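> structure of the sequence below:
(one chain, ligands or ions: 2)
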Amino acid sequence: MSFKAAIVGRPNVGKSTLFNRLVGSKIALVDDTPGVTRDRRPGEARIGDLHFTIIDTAGLEEADAATLEGRMRAQTEAAIAEADVSLFMIDARAGVTPADEHFAELLRRTGKPVVLIANKAEGKAGEAGVLESYGLGLGEPVALSAEHGEGMADLFAALLPFE
Ligand code: GDP
Ligand code: MG
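Residues are numbered from 1 along each chain as shown. Ligands and ions are numbered 1, 2, ... in the order given. Prediction:
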């Protein structure tokens, strides 16, 4: 049985970079019908011999501050509800931000499984952020570089229980 994972987190942490790395060219067809939400994008992901459905959450980048929080919450809640596990991503170079804390609280309240990902962890610049992310209370972070493909074995190990 395959499982479904949703990548959630504030804009610019690297969600789509991870999505593209895991999905490659096998991106699901996008529904072009006007009014159909583009906020959630599914694809068939593969890490080694682990196959699963991954949902990228997007469309927040253009939102203005007044609508961002509400849209973020609605989109994230829908993705979490749909998924077996949430991949909650933070930017290890930026460290934990108030928006990250907000997401973490929302995720904790759902009571559903979360894998914490500290992305942009290549090199020394991400080290402090990785350590700081333990404080979110969502367990041990997977230190990742979605852009450079580092930490994929740890992500594999973290997702194996959901297969
Ligand atoms: P999203 O808004 O969360 O989907 O973020 P994107 O995937 O669009 O990435 C935002 C920016 O972060 C882009 O400029 C990426 O190239 C960059 N980025 C993504 N992953 C990494 C990473 O592992 N390391 C670094 N240094 N930059 C990254
Ligand atoms: Mg994106």
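
> near ligand 2 at all, stretch 76-86?
No. If you take CB under 5 Å from the ion as the test, stretch 76-86 misses ligand 2, and the best it gets is 12.5 Å. For glycine as for every other residue, the C-beta is placed from the backbone atoms N, C-alpha and C.

> list the buried residues in that stretch.
76, 78-80, 83-86 (16 or more other CB atoms under 10 Å).

> also stretch 3-20?
Buried-residue list, stretch 3-20, by 16+ other CB under 10 Å: 3-11, 13-19.

> mind listing which of the residues you listed are in helices?
Among the buried residues of stretch 3-20, the members found in helices (DSSP state H) are 15-19.

> what's the local residue count around R40?
17 (other CB atoms under 10 Å).

> where exactly do the helices run in the protein?
Under DSSP H, the chain gives helices at 15-23, 65-82, 98-110, 127-133, 152-159.

> and the third one with helix 65-82, angle?
Spelled out, that is helix 98-110. 30 degrees (axes from the mean of the first three to the mean of the last three CA atoms, to 10 degrees).

> please apply the same query to the first one.
Between helix 15-23 and helix 65-82, the angle comes out at 30 degrees (the same axes, to 10 degrees).
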